[in-house]
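Engineer: Structural data only, the sequence is not supplied:
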């Protein structure tokens, strides 16, 4: 299945707002529980890799007390990995609590004390993933390029990639240099899927950890992406690009990010007066990438500054943006608090 469009979501929202009584006699929907779904899904994931390449690898996975807590350990056991599971005891309340991609510091500290071939960190619904190779953090900006290399080597893939406005400019420059078509869309896996279908591209992703292989699953799947990357990075082949290759050949711009709490972030950011001020700041710093957006999942305005400058300069520009936000017409100190992270 595919995620519904923005228009369909809006129509459903409007219907819900009408609060009309439902005539139960007209309702024809029903629910079917597939008792074999987990086993079928696991078999499908196993079929996507060469098991012998992963067999015996020491893998530590943080399941964030979420959706993959059962299938993840079963999957890694079935492919004969030497696997350890963290945070895989969901109780209905502890999902994402100090675990998974929402708490990377704890996971990295665990990896320091427990060396392994690969570390996998998922979020609660298991559609976001972070990867560590021999305790080296795999910058999520590189994952889209790794998937491209996998598809190019296995399938002679010549089509393009779909990223988001949050992708590092180093990735954009590299794709341009190597003549790899790259389309950047707004944040969100729904936008990635829509744009992939529009351009008929198979690979899409965003640095938050959502990555999509449209020919395999039309949605982000952390376990699938982890398996593909582990198989790729663990091959003993002079032609294979390891993590250090990407770091040395695709230098990333320095980036600084922070958040401001706000009860209506999208509405705040879309003010004409604030947009004009942000445009003015961009004009004053033409060599910097300045992204300001309202989160669709949390009450936060996200500020992201990127460029080939010292961190202090990026922070200074971020403070300019923060000042503009806090002095915009819709800023009401009594209705919410400001907090930079």
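Structural biologist: Here it is on my side, so go on. Please read all numbers here as calculations on a predicted model, not as lab measurements.
Engineer: Once you drop chain neighbours, what's closest to residue 290?
Structural biologist: Among residues not flanking residue 290 along the chain, residue 282 sits closest, at 5.2 Å (Cβ to Cβ, 6 or more residues apart in numbering). (C-beta placed from N, C-alpha, C; glycine too.)
Engineer: and that neighbour, what element?
Structural biologist: In the assignment (DSSP states H and E), residue 282 maps to helix 272-284.
Engineer: show me where the protein has helices.
Structural biologist: 6-18, 37-47, 51-54, 71-78, 104-113, 140-155, 169-177, 189-199, 222-233, 243-249, 265-269, 272-284, 311-326 (DSSP state H).
Engineer: Of these, which is nearest residue 60?
Structural biologist: Across these, residue 60 has its closest neighbour in helix 104-113 (6.6 Å, Cβ to Cβ).
Engineer: Now do that closest one: which elements does it pack against?
Structural biologist: In terms of contacts (3 or more Cβ pairs under 8 Å, 6 or more residues apart in numbering; DSSP states H and E), helix 104-113 is packed against strand 58-62, strand 118-122, strand 129-133.
Engineer: among these, which is the most enclosed?
Structural biologist: Comparing the helices and strands packed on helix 104-113 by mean neighbour count (mean count of other Cβ atoms under 10 Å), strand 118-122 comes out on top with a mean of 28.
Engineer: Residue 252: what's it in contact with?
Structural biologist: Contact partners of residue 252, counting by Cβ atoms under 8 Å, 6 or more residues apart in numbering, are 139, 141, 168, 169, 170, 171.
Engineer: hang on, the third one packs against residue 253?
Structural biologist: Yes: shown here, residue 168 and residue 253 form a contact pair, counting by Cβ atoms under 8 Å, at 5.7 Å.
Engineer: Touching both of these two, which residues are there?
Structural biologist: Counting by Cβ under 8 Å, 6+ apart, the contacts common to residue 168 and residue 253 are residue 306.
Engineer: worst average pLDDT in the helices of the chain?
Structural biologist: For the helices of the chain, the weakest mean pLDDT is recorded on helix 6-18, namely a mean of 83.
Engineer: That helix to helix 189-199, inter-axis angle?
Structural biologist: Angle, helix 6-18 to helix 189-199, by axes from the mean of the first three to the mean of the last three Cα atoms, to 10 degrees: 140 degrees.
Engineer: now helix 6-18, how far from the centre of its chain.
Structural biologist: 26 Å (Cα atoms, centre = their mean, to the nearest Å).
Engineer: List the buried residues for it?
Structural biologist: Judged by neighbour count using 16 or more other Cβ atoms under 10 Å, helix 6-18 contains no buried positions.
Engineer: what sits up against that helix?
Structural biologist: Here helix 6-18 makes contact (Cβ under 8 Å, 6+ apart) with 4, 190.
Engineer: repeat for stretch 197-209
Structural biologist: Stretch 197-209 is contacted by residues 101, 123, 127-130, 140-141, 143-144, 147-148, 151, 157, 159-164, 166-168, 181, 183, 187-189, 192-193, 195-196, 211-215, 220, 222 when judged by Cβ under 8 Å, 6+ apart.
Engineer: What subset of those residues is buried?
Structural biologist: The neighbour count (16+ other Cβ under 10 Å) marks 101, 123, 127-130, 140-141, 143-144, 147-148, 151, 157, 160-164, 166-168, 183, 187-189, 192-193, 195-196, 211-214, 220, 222 as buried among these.
Engineer: buried residues in the helix holding residue 282?
Structural biologist: The neighbour-count check on helix 272-284 (16+ other Cβ under 10 Å) flags 274, 277, 278, 281, 282 as buried.
Engineer: Also stretch 32-50?
Structural biologist: 41, 42, 45, 49.
Engineer: Enumerate every residue touching residue 330.
Structural biologist: Contacts of residue 330 (Cβ under 8 Å, 6+ apart): 264, 267, 268, 271, 274.
Engineer: In this model residue 294 seems to touch the third one, though I could be wrong.
Structural biologist: So the one you mean is residue 268. Yes: between residue 268 and residue 294 there is a contact under Cβ under 8 Å: 6.5 Å.
Engineer: In terms of packing, which of those two has more residues around it?
Structural biologist: Neighbours per residue (other Cβ atoms under 10 Å) separate residue 268 from residue 294, with residue 268 holding more: 21 against 18.
Engineer: circling back: helices or strands next to the helix holding residue 282 in the packing?
Structural biologist: strand 289-294, helix 311-326.
Engineer: right, and these - which one's nearest residue 58?
Structural biologist: helix 311-326 (34.8 Å).
Engineer: picking up where we left off before, how about the buried residues of stretch 32-50 in CSV, adding distance to residue 29?
Structural biologist: Shown next, in CSV, are those (distance: Cβ to Cβ, whole Å):
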residue, distance to residue 29
41, 24
42, 28
45, 30
49, 37
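Engineer: which among those gets closest to residue 227?
Structural biologist: For the buried residues of stretch 32-50, the nearest to residue 227 is residue 49 (5.0 Å; Cβ to Cβ).
Engineer: give me every residue that touches the closest one.
Structural biologist: Per Cβ under 8 Å, 6+ apart, neighbours of residue 49: 79, 227, 228, 230, 231.
Engineer: One more pass at 6 Å, please.
Structural biologist: Neighbouring residues of residue 49 by Cβ atoms under 6 Å, 6 or more residues apart in numbering: 227, 231.
Engineer: For it, what are phi and psi?
Structural biologist: As for residue 49, its main-chain torsions (degrees, to the nearest 10) stand at phi -140, psi 170.
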